[in-house]
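Undergrad: Turn this into a structure:
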Amino acid sequence: MRSVFITAQYLSCIRSCVARPERAFGKVRAGRGSLFCTLRSGSMEGIQEEPQGPTKCDSQPSACDNSVLSPGETVITEGRAKVIFPTANEVFYNPVQQFNRDLTCAIVAEFARLQMLGKGIQICVPGEDLVPKVQVDLSEDQEEKPEATVEKQTVPLGEKCEDGLRILEGLAASGLRSIRFALEVPAIHSIVANDRSFKAVELMKRNIQFNGVGELVTPNLADARMLMYQCRERRNCFDVIDLDPYGSPAMFLDAAVQAVSDGGLLCVTCTDMAVMAGNSGETCYSKYGAMSIKAKYCHEMALRIILHSLDLRANCYQRYIVPLLAVSVDFYVRVFVRVFSGQAKVKACASKQAFVYNCTGCGTYHLQRLGKMVSHGSSFKYSAGSGPPVGKNCEHCFQRHQVGGPIWAESIYDPDFVQRVLNAVKINPQRFKTSDRIEGVLSMVLEELPDVPLYYTLDNLGRVLHCINPSLLQFRSAILHAGHRVSLSHACKSAIKTDAPPSVIWDIMRSWEKKNPVKKERLSASSPAFHILSTEPSVLSHCRLQACFEVREDANPKSRKQGLKRFQQNPEANWGPKARAKAGGGISTSLAEKSKQHQNKRKYREEDQSALKSFPCKKFQQGCCTRAEDCCYSHEPVVSATAEEGP
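TA: Model (predicted):
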């Protein structure tokens, strides 16, 4: 019998017919034409499965094909991938983090382009073939100046590249991110989608088959740490490691900095922002080796804390990091760093870390470098940093200082790499659903001052002095008129990053207060506003600083002029970190139901008595509660008899 090739989708139908003799004959539609296969009862002679390879998502079963779905399952479409997802909370998935996954695909694709460029391999991401390319011949005489032609290998999307990237997704859950890598990132050798949940791995297997990427993506059931520790040898290292855990990634960092190849890319997500933003400084220290401060710049400080922790873990193995991009968006931070090996460069890492002295009164901050590197010709001398840069009390408001850190004090992005990613997204905006937001965030990142850590906020400056706030353009213009640099920050909408010293910042605010005076007689003598406003503007260079608030043209950044999508609104109700996946499955309580249970207890106590606390109040224990046996802690305070009788 002649052998024919058919797809796996129709092969499963044939197998079901063979299993039932009454369906001994059937019609199978294969490829573009109709193929009539005569099946012998209980036999599949002459039928061979088509070689499996990664194909585009359009060639897979559509989302409306319910034959592959079990009860309670839906098909989720994101990018070029379509994944099956259970309604029960058995495997974690958060749709709000699509921006995270889109940005990661864009960065990994650009990283692959750079890595393959040195190997003579040319790649093309989805949609770039639609962009018209113009070739210009600048040679005057082709015979006298022949152009040196270099034969380049072109790797199509979705095919295995022997010299391509080896990618590990340590906590893959449904496998959506790994499948998107296979369908959207060229020049890939292999992808390992790992998870320690058996149900997650089983779901990954179905999704990999559903998208036809079995040649590139391999599901794996293991602890991510043990898997990375086993791949520390150079021949087994991964070129890209992606870690997106539920909560803190601290437990995976030590293994990750060892398992990534020299010059490889490490992508890390942190969603424990309450810890990293200063609510639990002691917990932050136990996880990341740095004390967080609850200050206005806490979101950028969280970025610099995770970069410090990554560099510290890498230094233990004579390795160091080079940040490509670090962003704080929504309820998490996302960092992309390259990890290199080099004992000489590791010695300079101490000079890249700094402690933060933050005033508890006015919010003024100073940085103290942990180490110092001094050049002596072709060599360097390394020593401990000298300080501290502040006195016992703040020089502006005489309040005490908090000490935080150490944090990463160098640049948090590579401008050349970010510009390449931004250009790739601009010329191909249909590539991602969140392309407009990627363009806005990356544009803001490129506008930030790379050598200025942390920032001030306009609302906090006005709150300290109890005065109305100047507009963003007015304050930026005043700093520019004073001869200093200034920029915004992607981490906060009202942020002001500047190399101006704190004395200049408060001189500008004093000048603003003169135009918009406050009632100083109401200020306490010990308040920060009283001390700051009692000081006249300082002498700057040869003249007294009197701030000029006339708006300058260069005070308005380009991203703001163009109206780019820089800070998006909440995409959906009750958005944010979703409930943790349950090992035993089951439907988790929705956030709306939890909000109803734990909020507005006093407001709705008469309608819903179940929300009240069940233990009695202190007055009941003392025998003076008027509610007697009906007492519960959440009732109104008892009004005294004298107050009830009146005068």
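
Undergrad: For stretch 239-254, buried residues please.
TA: Neighbour-count burial for stretch 239-254, counted by 16 or more other C-beta atoms under 10 Å, picks out 239-246, 248-250, 252-254. Every C-beta, even on glycine, is put in place using the N, C-alpha and C of the backbone.

Undergrad: Next: stretch 201-210.
TA: Neighbour count says stretch 201-210 has 201, 203, 204, 205, 206, 207, 208, 209, 210 buried, by 16+ other C-beta under 10 Å.

Undergrad: Now the first one: closest residue in space, sequence neighbours ignored.
TA: Distances taken as C-beta to C-beta, 6 or more residues apart in numbering place residue 221 nearest to residue 201, at 4.5 Å, with adjacent residues excluded.

Undergrad: next one: the fourth one
TA: With C-beta to C-beta, 6+ apart as the measure, residue 219 is the residue that lies nearest to residue 205, at 5.2 Å, once sequence neighbours are left out.

Undergrad: contacting residues around that neighbour?
TA: Residue 219 makes contact with 172, 175, 193, 194, 201, 204, 205, 208 under the criterion C-beta atoms under 8 Å, 6 or more residues apart in numbering.

Undergrad: Nearest to residue 473 among these?
TA: Taking C-beta to C-beta as the measure, residue 473 sits nearest to residue 172 out of those, at 45.7 Å.

Undergrad: Please verify my assumption that the closest one contacts residue 191.
TA: No: the criterion here is C-beta atoms under 8 Å, and residue 172 misses it with residue 191 at 9.3 Å.

Undergrad: Residues touching the helix or strand containing residue 560, excluding its own?
TA: Residue 560 is part of helix 558-561, with elements assigned from DSSP states H and E. For helix 558-561, contacts defined as C-beta under 8 Å, 6+ apart pick out 440, 443, 444, 447, 488, 566.

Undergrad: Name the nearest of those residues relative to residue 295.
TA: Looking across those and measuring by C-beta to C-beta, the closest to residue 295 is residue 488, at 17.8 Å.

Undergrad: Thought residue 497 was touching that closest one, still the case?
TA: Yes: counting by C-beta under 8 Å, residue 488 touches residue 497, with 6.9 Å between them.

Undergrad: any weak-confidence spans in this protein?
TA: 1-68, 70-72, 87-93, 126-127, 129-153, 537-545, 570-616, 629-630, 632-647 (pLDDT under 70).

Undergrad: give me phi/psi at residue 333?
TA: phi -120, psi 150 (degrees, to the nearest 10).

Undergrad: okay but it is in contact with residue 269, surely?
TA: Yes: taking contacts as C-beta under 8 Å, residue 333 lies within contact range of residue 269: 7.3 Å.

Undergrad: Between these two, which has more neighbouring residues?
TA: Shown here are residue 333 and residue 269; by other C-beta atoms under 10 Å, residue 333 has more neighbours (26 against 20).

Undergrad: Beta-bridge partners for that one, please?
TA: Assessed by DSSP bridges, residue 333 has beta-bridge partners residue 270, residue 328.

Undergrad: residue contacts, it?
TA: Each residue near residue 333 by C-beta under 8 Å, 6+ apart is listed here: 269, 270, 273, 276, 299, 302, 303, 306, 326, 327.

Undergrad: what about the fifth one, is that helix, strand or coil?
TA: Counting by DSSP: H, G, I helix; E, B strand; the rest coil, the backbone at residue 299 sits in helix.

Undergrad: between residue 172 and residue 191, what contacts are shared?
TA: The contact lists of residue 172 and residue 191 share residue 178, where a contact means C-beta under 8 Å, 6+ apart.

Undergrad: Give me the most central residue, the protein.
TA: Closest residue to the average C-alpha location of the chain: residue 334 at 2.6 Å, with C-alpha atoms, centre = their mean.

Undergrad: With adjacent residues omitted, what lies nearest to residue 443?
TA: Residue 443's closest residue in space is residue 559 (C-beta to C-beta, 6+ apart), at 4.2 Å.

Undergrad: again, but for residue 567
TA: Nearest to residue 567 is residue 493, by C-beta to C-beta, 6+ apart, at 5.2 Å.

Undergrad: Now the one you found, what are its backbone angles?
TA: phi -70, psi -30.

Undergrad: cool, and the one 3 residues further on?
TA: Dihedral pair for residue 496: phi -130, psi 110, per degrees, to the nearest 10.

Undergrad: Alright, that wraps it up for me.
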